[in-house]
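> turn this into a structure:
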Amino acid sequence: MDWNVIAQYLPLYKKAAWLTLRLGLAGIVIAIVVGLVCALVQYYKVPVLRRIVGAYIELSRNTPLLVQLFFIYYGLPKIGIKTNAEICGIAGLAFLGGSYMAEAFRSGLESIEPIQTESAMSLGMDRAQTMRYIILPQAMSISVPAFVANVIFLLKETSVFSAISLMDLMFTAKDLIGLYYKTTECLSLLVVFYLLILLPVSLLGSWLERRLRYAGFGA
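Model (predicted):
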């Protein structure tokens with residue numbers, strides 16, 4: 001292990017890690033919004049939209065992110081829709097993540113007993129109030145394990161961003177290995193930076209799950 005090489009490459013990895021984290025978080029935030037909307041459409045069985053959401057979920061979950069990125073990055077410009085690689089990366093991650101988040105949220109919503117909705121209605125709450133104050137808080141707490149798993153999964157999926165020429169961690173590692181053949185140092189830095197990004201998310205998710213369990217949610 002050449003520590004001088006590691007010190008030399010460290011700034012490049014820091015820059016790549018920031019890009020990976022920034023794009024990953026942006027894609028995940030959009031995926032959460034998409035997933036919640038899709039889950040509500042399925043939960044309320046909205047005509048027509050429910051079928052569209054179902055088709056989107058099946059398409060998204062059954063095609064690799066790399067294929068989706070290629071379609072967005074190389075395919076859309078053919079029909080006049082042009083954008084940069086960063087937006088393509090975020091869009092691809094949101095498209096994939098939205099379907100996984102939708103299923104996580106849907107399972108949480110459907111786990112709530114119908115009697116709770118009926119009780120809320122009998123107390124004078126409308127559907128929006130019932131969802132906001134009764135159903136959604138419980139469903140979100142139940143969905144925490146799947147939600148955290150999806151966040152970690154999506155952050156790891158950013159490793160394919162290198163296929164559309166984004167200088168993320170994977171691209172940086174492959175580029176430096178190809179140029180200087182310092183495989184051990186490059187891979188060691190790659191693992192360390194992914195752990196620095198993913199391990200806090202995993203630990204935070206485990207802590208949140210325990211807190212919710214102790215508070216009586218998702219028991």
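
> so what's the residue count around the residue nearest to S111 when sequence neighbours are not counted?
Computed as Cβ to Cβ, 6 or more residues apart in numbering, the closest residue to S111 that is not its neighbour in sequence is I142, at 5.4 Å. Where you see a C-beta, it was placed from the backbone N, CA and C, and this is true even at glycine. Residues lying near I142 (other Cβ atoms under 10 Å) number 22.

> for I142, give its distance to W207.
17 Å (Cβ to Cβ, to the nearest Å).

> how close does the residue nearest to S111 get to L199?
Distance of I142 to L199, given as Cβ to Cβ: 24 Å.

> one more: R211?
19 Å.

> where does this structure have low pLDDT?
Along the chain, segments meeting pLDDT under 70 span 213-219.

> please enumerate the helices of it.
Per DSSP state H, the chain carries helices over the ranges 3-43, 49-61, 65-70, 85-110, 114-122, 127-130, 136-142, 144-157, 169-180, 183-214.

> reformat those into JSON lines and put distance to P77 next to each item.
Output for those, formatted as JSON lines (distance: least, Cβ to Cβ, whole Å):
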{"stretch": "helix 3-43", "distance to P77": "20"}
{"stretch": "helix 49-61", "distance to P77": "21"}
{"stretch": "helix 65-70", "distance to P77": "12"}
{"stretch": "helix 85-110", "distance to P77": "10"}
{"stretch": "helix 114-122", "distance to P77": "47"}
{"stretch": "helix 127-130", "distance to P77": "41"}
{"stretch": "helix 136-142", "distance to P77": "38"}
{"stretch": "helix 144-157", "distance to P77": "23"}
{"stretch": "helix 169-180", "distance to P77": "21"}
{"stretch": "helix 183-214", "distance to P77": "30"}
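
> which of those is buried the deepest?
Mean neighbour count, computed with mean count of other Cβ atoms under 10 Å, is highest for helix 85-110 among those, reaching a mean of 22.

> how far does that helix sit from its chain's centre?
Remark: helix 85-110 is offset 6 Å from the chain centroid, using Cα atoms, centre = their mean, to the nearest Å.
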